Each structure stands twice: as structure tokens, then as C-alpha cells.
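**Q** next one to model:
(one chain, ligands or ions: 1)
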Amino acid sequence: MNNKAIGLFDSGVGGLTVLKALMQILPGENYIYLGDTARLPYGTKGKETIIRYALQCTEKLMENDLKMLVLACNTVSSVALPAIKEKYPHIEIIGVVEPGAEAACNATKNNHIAVLGTQSTIQGKAYDKAILAINPTAKVTGKACPLFVGMAEEGLSQGFIAEEMAKHYLKDILKLSKENKPDTIVLGCTHFPLLKGAIQNVVGNDIQLVDSAQTTAKKVFARLTKTNSLAENKKPFIHFLTTDDVAKFKAVGEPFLGISLDKSHVELVDL
Ligand code: DGL
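**A** This next block holds a predicted model:
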């Protein structure tokens, strides 16, 4: 049981930010990561499509013997978590929205939290619900920032263009008076941590940015500890699966994971 892999998937390489946090806190685990790069972005698509894609990704990963599935995508976690849990009741499934909400609730002092995410994450209000479940008096302001996804995938996550785009998306928040401004922004998309520097430059240091990667990794650690399922492999494996160009997955994925993917085996799969 302990040596079974943890499966993760995202619409693209964004979920590698979650894998990175997992590898730091759980270095002895085996991982299988699927990036559905051929069909990215998910966040602009309709609910039924996102659920269908998410179930196909899950089915692909379930071809392996997994001990846990991590939905390393806020869009999938917001929209498809109940459908995946219903179809796969026997495996533990962890989404990233609740851990992200928890990180935000721990960080805020003035009880006003802004959430940046894809269109479907913001429209579905999954973060609002998760934050209010923890802190019913919190104020939540959501803002869809869909172009951040493509920018992160294109390597345009820093500098002039990224900051201008952040100013564009955050203009309503930036013009609020100090007492009406959120003090915490959740990067509610696994692609957005790459734009953290640009967003922080635009909002200034009075607003803290949080994401769900660390809190998700802590939740996985806690669950595996509780069920006595931790692995301590000396030479753990990480298998990568992608639905589009392998070379592009490696090149685009490296900054998200923070380690070289040059020698990693990345398998091209069809869903
Ligand atoms: N990385 C995904 C998320 O966390 C979204 C990217 C997309 O739109 O496909 O929401």
C-alpha cells in the first residue's frame, strides 16, 4: 500500500506547483502527474466539459495502482470534485480549493479576502463557499483572470506585460480605499504562483498572496500519516504524462516544478 503512487492532474503544467510542494514535504513518495496540455485551458470551458475532461484524466491515472488522487487544478476541484468522488468512491481524493481557503483564512487579519482564479472557478463561487465555511464573517471578492494561465504557460510571468495585465485585472481592487481593501489574495489557480512576483509588485507589500500548494501538501501528509500510508522510498519515481508535445511539456513545466525535466521520462498519452 505505502509504495502505491500518488496521482495528480491539471489541465496543463500549473499543477506542477502542487507536485513541487508535495515533493518537498513528502520526498519518499512515488508520483504520477498528468497534464492535459492538449485541451488547456479548462477554466474558460463549460461545467459539463470540465467534468468530462476531469473524469477522463482520472480514468487514465486509475490505470495505475494509486493510493490517493490529488486534483492539482482549482478549476477541476471547484467543478468536478463531487462527480469524481461519486465515480471513484474507494480512493481518497483531495482537491486544492479547501486547502487554499484554509491558507487564506489563516492569513487574513481584516477578514477581507480576494480570490483570483479562472472564469469557472470564480463563477462557481467554490472559494466563497469554502472560505465562508471556515469563517462565516469573511468578505470574499472574486476576480477571474483567465489570461494569466496562457501567460504562465508562455513564460510571460514576470516583467512589464505581466504587471500591466495584473494592473488590468486588479484595477477594481487597487482603487479601493485602504480600509476597504482585502489584505489577502488567494492565487486560486495552480498556474498563478508563477505570476506571484508581478502581482505582488502591483498590489504592494500590504497585501499578502497565498496559494493552495503548501496547505494541500500538508493535508496529503496528514491523511497519509493518519492512515499509516506514508512511503519512504530511497529512490522514488515520478512519471509524467502529457496529452500534447513532450518537449513543450518539459520546457514549459520546468519553472513550475523548479527542477530540470531534461532527463525525466514524459509519456505522450491519449485520453
Ligand atoms: N491550473 C488550472 C487551475 O488551477 C487552470 C488552468 C486552466 O484554465 O486550464 O484552475
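**Q** could you use CA atoms for every contact and neighbour count after this?
**A** Noted.
**Q** what about the residue of the stretch 151-271 of the chain found nearest the ligand, neighbour count?
**A** Closest contact between the stretch 151-271 of the chain and the ligand, by Cα to the nearest ligand atom, is at Cys189 (3.3 Å). Per other Cα atoms under 10 Å, the neighbour tally for Cys189 reads 29.
**Q** what about it, which SS state?
**A** At Cys189 the chain is in coil, as set by DSSP: H, G, I helix; E, B strand; the rest coil.
**Q** that one touches Thr118, doesn't it?
**A** Yes: the pair Cys189 and Thr118 qualifies as a contact (Cα atoms under 8 Å) at a distance of 6.7 Å.
**Q** list residues touching both of these two?
**A** Thr75 (Cα atoms under 8 Å, 6 or more residues apart in numbering).
**Q** what about the helices in the stretch 101-250 of the chain?
**A** 119-124, 126-134, 147-153, 160-169, 171-174, 196-203, 213-226, 246-257 (DSSP state H, counting those that start in this stretch).
**Q** kindly reformat the ones you listed as JSON lines containing distance to the ligand and mean neighbour count.
**A** What follows is those, written out as JSON lines (distance: least, Cα to the nearest ligand atom, whole Å; neighbours: other Cα atoms under 10 Å):
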{"stretch": "helix 119-124", "distance to the ligand": "7", "mean neighbour count": "20"}
{"stretch": "helix 126-134", "distance to the ligand": "12", "mean neighbour count": "19"}
{"stretch": "helix 147-153", "distance to the ligand": "6", "mean neighbour count": "21"}
{"stretch": "helix 160-169", "distance to the ligand": "16", "mean neighbour count": "17"}
{"stretch": "helix 171-174", "distance to the ligand": "21", "mean neighbour count": "14"}
{"stretch": "helix 196-203", "distance to the ligand": "14", "mean neighbour count": "18"}
{"stretch": "helix 213-226", "distance to the ligand": "10", "mean neighbour count": "19"}
{"stretch": "helix 246-257", "distance to the ligand": "11", "mean neighbour count": "18"}
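**Q** could you export those to TSV, including columns for distance to Gly46 and mean pLDDT?
**A** Formatted as TSV, the helices of the stretch 101-250 of the chain follow (distance: least, Cα to Cα, whole Å; pLDDT from 0 to 100):
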stretch	distance to Gly46	mean pLDDT
helix 119-124	8	96
helix 126-134	15	97
helix 147-153	17	92
helix 160-169	22	97
helix 171-174	26	95
helix 196-203	27	96
helix 213-226	25	94
helix 246-257	25	92
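**Q** so which residues of this structure form strands?
**A** Counting by DSSP state E, the chain has strands at residues 5-10, 31-35, 66-71, 92-95, 112-117, 139-144, 184-187, 208-211, 238-242, 266-268.
**Q** contacts for the fifth one, please.
**A** The one in question is strand 112-117. Residues from elsewhere that reach strand 112-117, judged by Cα under 8 Å, 6+ apart: 74, 104-105, 122, 127, 138-146, 181-189.
**Q** buried ones in that strand?
**A** His112, Ile113, Ala114, Val115, Leu116, Gly117 (16 or more other Cα atoms under 10 Å).
**Q** so that strand versus helix 126-134, what angle?
**A** 150 degrees (axes from the mean of the first three to the mean of the last three Cα atoms, to 10 degrees).
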